[in-house]
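> Sequence first, predicted model second:
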Amino acid sequence: MAIPTLSPEQLQSARSAATKARRARADFKDKVRRGELTLSQALDEAAKDDVLAHVKVVDLLKALPRVGEKRAAAIMERFDIAPNRRLRGLGRHQVAGLKKEFH
């Protein structure tokens, strides 16, 4: 199956939508990093927003204070979360476990 050919206007629209989504996800992680959002609030917000639901779990965990690569990996392993999992792919038990961990 061939990739559809897009007009220059459609390409520009797609580019701007992608840029807007990337900025929203970066701002989301920055709010967590600055402590404006707790992990619990961030997970709730991502559940309601399709753009934020695309953030990788490991990236969100690493945005938390005092959580680096190793601690994020250990937490994800404990809750049986795949390394490439995105927020939208978390099960309710995984979400509950993460919320309890960072309460």
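Good, I have the coordinates.

> which residues of the protein score low on pLDDT?
Per-residue confidence for the chain (pLDDT under 70) gives no ranges below the cut-off.

> could you point out the longest helix in it?
Ranked by residue count, the top helix of the chain under DSSP state H comes out as helix 8-34.

> helices or strands up against that one?
If you count contacts as 3 or more Cβ pairs under 8 Å, 6 or more residues apart in numbering; DSSP states H and E, helix 8-34 packs onto helix 39-48, helix 57-63. Yep, even glycine has a C-beta here, placed from its N, CA and C like the rest.

> what sits up against the first one?
For helix 39-48, contacts defined as Cβ atoms under 8 Å, 6 or more residues apart in numbering pick out 28, 31-32, 37, 52-53, 55, 60-61, 64, 87-88, 90, 95, 98-99, 101-103.

> Output it as CSV - backbone C-alpha positions only.
Written as CSV, here are the backbone C-alpha positions of helix 39-48 (Å, rounded to 0.1, in the frame of the first residue of the first chain):
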residue,chain,number,x,y,z
LEU,A,39,2.5,12.0,39.4
SER,A,40,-1.1,11.3,40.3
GLN,A,41,-2.3,14.5,38.8
ALA,A,42,-0.2,13.9,35.7
LEU,A,43,-1.6,10.4,35.2
ASP,A,44,-5.2,11.7,35.6
GLU,A,45,-4.6,14.6,33.1
ALA,A,46,-3.0,12.2,30.6
ALA,A,47,-6.1,9.9,30.9
LYS,A,48,-8.3,12.8,29.7
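
> next one: it to chain centre, how far?
Distance of helix 39-48 from the chain centroid (Cα atoms, centre = their mean, to the nearest Å) equals 9 Å.

> now the angle between helix 8-34 and it, please.
Regarding helix 39-48 and helix 8-34, their directions subtend 160 degrees when assessed with axes from the mean of the first three to the mean of the last three Cα atoms, to 10 degrees.
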